[in-house]
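A.B. asks: requesting a structural model of the entry that follows:
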Amino acid sequence: MELSIDRLTKHYGRKIAVDCVSTVMKPGVYGLLGENGAGKTTLMRMLCAILEATAGEVFLDGKEITALGADYRDLLGYLPQDFGYYPNYTAKEFLLYMAALKGIPREEAGKRADELLEVVGLTEAASKKVKTFSGGMKQRVGIAQALLNEPKILILDEPTAGLDPKERVRFRNLISDYAAGRIVILSTHIVSDIEAIADEVLLMRKGKLVSQGTVAELTKKAEGKVWELAVSPTEAKVWQEKAAVANLRHEGEQVVLRILSDDRPAEQAVPCDATLEDLYLQSFRE
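C.D. replies: Model (predicted):
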């Protein structure tokens, strides 16, 4: 299976939301990273054939997705950033309703709903109304509905929003297992989630795809540009104004700064191993 994106572009009047994006995706997990307004959601909506492109095309195994129509949608699972739900439905009722919309037979839908409620840790809450759920629980219902039809292409927009650390670990393990033989595309601002599970990372900036590669390939670009510097609290304030400080922590009477700089920022600065978050902050530090 191969999803090929060819010069995909979306304009809103004079605003260019997605600017001539081209890439090829094969089975695996693809993480989309970028600032708010970078075009991630717009790109995902075009990949779902929800939003019509201004220019460019998307092909699945050589066939254009709009021409595939319902056959393509049958292969899709999608969790939008703000998914809609009926508040008076129970979790299971909502999944059965979504299964009916997706054309899943009722007997099969009931079994699948039960399986997914267990997978996302909501079995005990299956008969409770969604309106009583916490934000993290609602998000888990959203993840479950995206998986109902066992999609070959799973697109998730901010899937870990509202999840606590334990729930995020459950989600990451679920996605890693699910991605075997499938294409999973996810967007999140939680860089560590992408760093943990993505086979490839796509970095978007102002609608353009500016970088793509494995976590190791991308973090290598930041090697030699990440430093730790121990200074006094007074000096720390000065450094925060004149340098790109990715992190700081207090150690006794000193403050240890993590600084992004092409050159050694001070004689006593110590080089550090780069992370994906360092690469991300370096890409947008201006």
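A.B. asks: hey, where'd the strands end up in the stretch 51-200 of the chain?
C.D. replies: Assigned by DSSP state E, counting those that start in this stretch, the stretch 51-200 of the chain shows strands spanning 55-60, 63-64, 76-79, 153-157, 183-187, 200-205.
A.B. asks: include mean pLDDT when you put those into a markdown table, please.
C.D. replies: Listed next are the strands of the stretch 51-200 of the chain as a markdown table, based on pLDDT from 0 to 100:
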| stretch | mean pLDDT |
| --- | --- |
| strand 55-60 | 96 |
| strand 63-64 | 95 |
| strand 76-79 | 93 |
| strand 153-157 | 95 |
| strand 183-187 | 95 |
| strand 200-205 | 94 |
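A.B. asks: could those go into a markdown table alongside mean neighbour count and distance to A17?
C.D. replies: (Glycine included, C-beta is placed from N, CA and C.) Converted to a markdown table, the strands of the stretch 51-200 of the chain look like this (neighbours: other CB atoms under 10 Å; distance: least, CB to CB, whole Å):
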| stretch | mean neighbour count | distance to A17 |
| --- | --- | --- |
| strand 55-60 | 17 | 12 |
| strand 63-64 | 13 | 21 |
| strand 76-79 | 21 | 18 |
| strand 153-157 | 23 | 14 |
| strand 183-187 | 24 | 14 |
| strand 200-205 | 22 | 11 |
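A.B. asks: out of these, the one nearest T41 is which?
C.D. replies: Smallest distance to T41 across those (CB to CB): 5.7 Å, for strand 153-157.
A.B. asks: residues in a beta bridge with the residue minimising distance to the centre of the chain, which ones?
C.D. replies: Per CA atoms, centre = their mean, the C-alpha nearest to the average position across the chain is that of S187, at 1.9 Å. Residues in a beta bridge with S187, per DSSP bridges, are L32, D157.
A.B. asks: that one contacts V29, correct?
C.D. replies: No: assessed by CB atoms under 8 Å, S187 is found out of contact with V29, at 11.9 Å.
A.B. asks: nearest to V120, out of the strands of the stretch 51-200 of the chain?
C.D. replies: strand 76-79 (11.7 Å).
A.B. asks: quick one: strands adjacent to the closest one?
C.D. replies: Note on strand 76-79: by DSSP bridges, its sheet partners are strand 153-157 (parallel).
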